[in-house]
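# got a structure for you, letters missing:
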């Protein structure tokens, strides 16, 4: 009998979405960073919807600081909104917990959530607590709405052959701390869509190798990567930069004619910008191995 | 150290929502069936937000039919939208699963989700799959948006002393099958808000004893209950009718002057309507014991 470990997350989602009614009118449905809902022509903005889960022993160790777990749980979602050019609005927090969980632990998770929302915007609209059996892992599931101006939305499916591929910041080694302390690139993404709107964009959650493949597949393109240009966190090799995941940097594509102006205008207090390759026709693309696979590499992703 | 079992779900949520930014402008925030978001005066409708989780060994047994689990997971949310006078729109489906879960099991969960959405409306806008450690329980977390016309929204916090208390259908014994096969009272609720708008309404998920207490507390009222009038499922005693939970019937209050007309007009194909008591001033209220407590009575809720 086939298990989810056998087929992996992306193939699983492809199969599942065939089984349910979907909104054919949405600009981006299952597969992009967020779902994009068009409220109708009277609205100058689009609604973004996102859900994201953190699981004990998969995404965080049981003795990790609860406040940082809370921060991370909503920062991941805010990063997804940013990657589409949008901002967070209303959050629903679901905690599935063993009944023996200390109240103080849960309160610290909520404090971390609160700190992140204070910093980047967004409010808690509701949520739920549910028990899990005593031996089960804690699951924190965050669902949220966001908003993006109609003319600022950026999908991952709209890159074109010839576009340059860029990333913000340094990649790899997130496991050594950044995965708990990252800054969602809200400010950088807002600046980009206002001044040099990318042709496609997403955030790097599962590693450049996996996520660039996703962006290319969604755009029906291939890519060529300049391995020497991939920005590595100090102490990380290329495999780590490509595969560790949880970088939460921006991956985006842009017309090559805009590159000089973009690099000249890129604000000095932003993380460095690196050109790591270019989009090509599918037939001319290469492939990149590595990246976080949720079901194949079951183990501790983070420390 | 205090655990969540010590303080219970309602008290826990009261503490947690103090720790995060909240939207003070919402008509109903944490505590009602759904959060109610006002998009602004230009919109004739309000957005509803809801999240709800089903946990293996808590809400369903490991060998329960996957299709019914899927149906139930979204039917519960649709029931919450109905209880506020609203209809479902976009769903986000989160599955946290051991990597050994058969793909066919997950597909059946999705088929059940699809069947329920086909019947009551709503589309899947996105979702996520995440692994949990092998020994951990499956968690299915559903988040959804809904919509309600501004003049049709019904909160649980707006009952008044003197209002009659009514329920639809029969209560108790859901564990023997109804919890998997219930019909969200979408049609009945829509009829009510159009013809005899309740002063307050909610759905019965944790049992009349617990849920009527919640409605009364939210409305700053007390209640007096006519125990003989509580409609019991065949074979159930009063304690079961009050405490089993998962009835997914409507609990609502209405001005006593409207009762005769309501009973005369109530469509014959709807489940029976029962007057089970009246709202009173807090000082004159009684109390009801029983009802499903998510953290104190950890065990199998459903079969």
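Nice, thanks for sending it over. Source: prediction; values computed, not measured.

# what's near enough to touch residue A:214?
Contact analysis of residue A:214 by CB atoms under 8 Å, 6 or more residues apart in numbering or on different chains lists A:10, A:156, A:202. For the C-beta atoms, the positions are set from N, CA and C on the backbone; glycine is no exception.

# in the stretch 101-250 of chain A, which residue sits nearest chain B?
Nearest residue of the stretch 101-250 of chain A to chain B (CB to the nearest CB) works out as residue A:143 at 3.2 Å.

# that residue sits in which helix or strand?
Taking DSSP states H and E as the criterion, residue A:143 maps to strand A:139-149.

# that strand pairs with which strands?
Taking DSSP bridges as the criterion, strand A:139-149 forms sheet pairs with strand A:45-55 (antiparallel), strand A:87-97 (antiparallel).

# using a markdown table, lay out those strands together with distance to residue A:229 and mean neighbour count.
Shown next, in a markdown table, are the strands paired with strand A:139-149 (distance: least, CB to CB, whole Å; neighbours: other CB atoms under 10 Å in any protein chain shown):
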| stretch | distance to residue A:229 | mean neighbour count |
| --- | --- | --- |
| strand A:45-55 | 30 | 25 |
| strand A:87-97 | 31 | 25 |
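
# how about the helices in the stretch 201-303 of chain A?
For the stretch 201-303 of chain A, the helices defined by DSSP state H, counting those that start in this stretch occupy A:208-218, A:238-243, A:259-265.

# indicate which one of those is closest to residue B:264.
Nearest to residue B:264, of all the helices of the stretch 201-303 of chain A, is helix A:208-218, at 57.5 Å by CB to CB.

# okay, the helices of the stretch 201-303 of chain A, which one's buried deepest?
Mean neighbours per residue, mean count of other CB atoms under 10 Å in any protein chain shown, is largest over the helices of the stretch 201-303 of chain A for helix A:208-218, with a mean of 23.

# I'd like the helices of the stretch 201-303 of chain A laid out as CSV, including mean pLDDT.
Below are the helices of the stretch 201-303 of chain A laid out as CSV (pLDDT from 0 to 100):
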stretch, mean pLDDT
helix A:208-218, 94
helix A:238-243, 95
helix A:259-265, 98
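
# picking that back up, from the contacts of residue A:214, which land in strands?
Under the assignment DSSP state E, the contacts of residue A:214 contribute residue A:202 to strands.

# which entries within the contacts of residue A:214 meet the buried criterion?
Those of the contacts of residue A:214 that meet the buried threshold are A:10, A:156, A:202, by 16 or more other CB atoms under 10 Å in any protein chain shown.

# ok, and of the residues you listed, which contact chain B?
Counting by CB under 8 Å from any CB of the partner chain, nothing from these sits close to chain B.

# looking at those, which is nearest residue B:247?
Nearest member of the buried ones among the contacts of residue A:214 to residue B:247, counting by CB to CB, is residue A:10, at 39.7 Å.

# residue contacts, the closest one?
Contacts of residue A:10 by CB under 8 Å, 6+ apart are residue A:214.

# hang on, the earlier thing: can you list the buried residues in the strand holding residue A:143?
So, applying 16+ other CB under 10 Å, buried residues of strand A:139-149: A:139-148.

# now do stretch A:215-222: distance to the chain's middle.
17 Å (CA atoms, centre = their mean, to the nearest Å).

# that older thread, next secondary structure element downstream of the strand holding residue A:143?
strand A:164-168.

# now what about that following strand, what contacts it?
Contacts to strand A:164-168, defined as CB under 8 Å, 6+ apart, come from residues A:185, A:188, A:204, A:208, A:212, A:223, A:225, A:230-231, A:249-256, A:259, A:270-279.

# any of these buried? List them.
Buried members of those, scored by 16+ other CB under 10 Å, are A:185, A:188, A:204, A:208, A:212, A:223, A:225, A:230-231, A:249-254, A:259, A:271, A:273-279.

# isn't residue A:250 right up against residue A:187?
No: contact between residue A:250 and residue A:187 fails when scored by CB atoms under 8 Å: they sit 10.9 Å apart.

# what touches both of those two?
By CB under 8 Å, 6+ apart, no residue touches both residue A:250 and residue A:187.

# domain ranges for chain A?
A:4-152, A:164-284 (automatic domain parsing).

# which among those domains is found nearest to residue B:65?
Among these, the nearest to residue B:65 by CB to CB is domain A:4-152 (15.5 Å).

# quote the end-to-end distance of the closest one.
Domain A:4-152 has an end-to-end distance of 36 Å (CA to CA, to the nearest Å).

# what residues are up against the closest residue in space to residue A:262 that isn't next to it in sequence?
In this structure, residue A:262 finds its nearest non-sequential neighbour in residue A:196, 4.6 Å apart by CB to CB, 6 or more residues apart in numbering or on different chains. Contacts for residue A:196 (CB under 8 Å, 6+ apart) come out as A:254, A:258, A:261-262, A:265.

# what about residue A:196, distance to residue A:223?
Applying CB to CB, to the nearest Å, the value for residue A:196 to residue A:223 is 20 Å.

# same deal with residue A:232?
Taken as CB to CB, the span from residue A:232 to residue A:223 is 19 Å.

# then residue A:84?
Taking CB to CB, one finds residue A:84 at 20 Å from residue A:223.

# would stretch A:123-132 count as contacting chain B?
Yes: between stretch A:123-132 and chain B, judged by CB under 8 Å from any CB, the touching residues are A:123-132.

# now stretch A:243-256
No: residues of stretch A:243-256 are not located near chain B by CB under 8 Å from any CB, the shortest gap being 13.4 Å.

# next, the distance between the ends of that stretch.
With CA to CA as the measure, stretch A:243-256 spans 26 Å from end to end.

# which one of the contacts of residue A:214 is nearest residue A:58?
residue A:10 (17.4 Å).

# turn the contacts of residue A:214 into a markdown table, including pLDDT.
Below are the contacts of residue A:214 laid out as a markdown table (pLDDT from 0 to 100):
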| residue | pLDDT |
| --- | --- |
| A:10 | 75 |
| A:156 | 94 |
| A:202 | 97 |
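
# shouldn't residue A:101 be in contact with residue A:137?
No: counting by CB under 8 Å, residue A:137 is not a contact partner of residue A:101; they are 11.4 Å apart.

# comparing the domains of chain A, which gets the lowest mean pLDDT score?
Lowest mean pLDDT within the domains of chain A: domain A:4-152, at a mean of 91.

# so where do the strands sit in chain A?
A:35-37, A:45-55, A:87-97, A:123-131, A:139-149, A:164-168, A:200-203, A:222-225, A:250-254, A:273-280.

# ok now the fourth one, how far from the chain's centre?
Spelled out, that is strand A:123-131. 22 Å.

# so that strand versus strand A:87-97, what angle?
Angle, strand A:123-131 to strand A:87-97, by axes from the mean of the first three to the mean of the last three CA atoms, to 10 degrees: 10 degrees.

# who's in contact with residue A:273?
So residue A:273 contacts A:166-168, A:262-263, A:266 (CB under 8 Å, 6+ apart).

# relative to residue A:76, which of those residues is nearest.
residue A:168 (16.1 Å).

# beta partners for the closest one?
residue A:273.

# quickly note the distance from residue A:85 to residue A:275.
Counting by CB to CB, the gap from residue A:85 to residue A:275 is 21 Å.

# scratch that, residue A:78 is what I was asking about
26 Å.

# repeat for residue A:238
16 Å.

# which one of the contacts of residue A:273 is nearest residue A:37?
Taking CB to CB as the measure, residue A:37 sits nearest to residue A:168 out of the contacts of residue A:273, at 27.0 Å.

# report how many residues lie close to that closest one.
By other CB atoms under 10 Å in any protein chain shown, 24 other residues sit near residue A:168.
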